[in-house]
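>>> Sequence plus predicted model, see below.
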Amino acid sequence: MPYKAKSDLPDNVRNVLPTHAQDIYKEAFNSAWEQYKDKADRRDDASREETAHKVAWAALKTIMKKARMINGIRKNKRGITHVLA
């Protein structure tokens, strides 16, 4: 079932993720819920809900990884970029 509000998310999502990440998770879940409504589109014998949760976690992981990469790149005074460890 799609989630209408962050308060509808499961406890393991609400208790672990910050608010902005909950928004991302909710939108990714709802999108996957629609995309994988046909059983033929899902892998293995996964339920629609299980698939949507997997997609939501994967989407969140990808977005957070990109954000960390972007925040780690800075320009010095000469305009040369370097990655901060």
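Now that the structure is in, tell me what you want to look at.
>>> Which element, helix or strand, includes A46?
Of the helices and strands defined by DSSP states H and E, none includes A46.
>>> Spatially nearest residue to K26 (excluding sequence neighbours)?
Y3 (4.9 Å; CB to CB, 6 or more residues apart in numbering). The C-beta positions use only the backbone N, C-alpha and C, and glycine is treated the same way.
>>> ugh, wrong one, L17
Y25 (6.3 Å).
>>> I figured L9 hits E27, correct?
No. Counting by CB atoms under 8 Å, L9 sits too far from E27 to count as a contact (11.3 Å).
>>> Which one's more surrounded, these two?
Neighbours per residue (other CB atoms under 10 Å) separate L9 from E27, with L9 holding more: 18 against 15.
>>> any idea how far the more buried one lies from D44?
24 Å (CB to CB, to the nearest Å).
>>> what does A28 give?
From A28 over to D44 the distance is 20 Å, taken as CB to CB.
>>> where along the chain do the helices fall?
11-14, 19-35, 48-72 (DSSP state H).
>>> so what's A40 up against?
Going by CB atoms under 8 Å, 6 or more residues apart in numbering, A40 touches no other residue.
>>> Please read the previous query as pertaining to K26.
So K26 contacts 3, 5-6, 9, 56 (CB under 8 Å, 6+ apart).
>>> Quick check: the farthest pair among these?
Maximum pairwise distance among those (CB to CB): 15.2 Å, between A5 and A56.
>>> Mind checking which of those two has more residues around it?
Just comparing A5 and A56: by other CB under 10 Å the higher neighbour count belongs to A56, 23 against 8.
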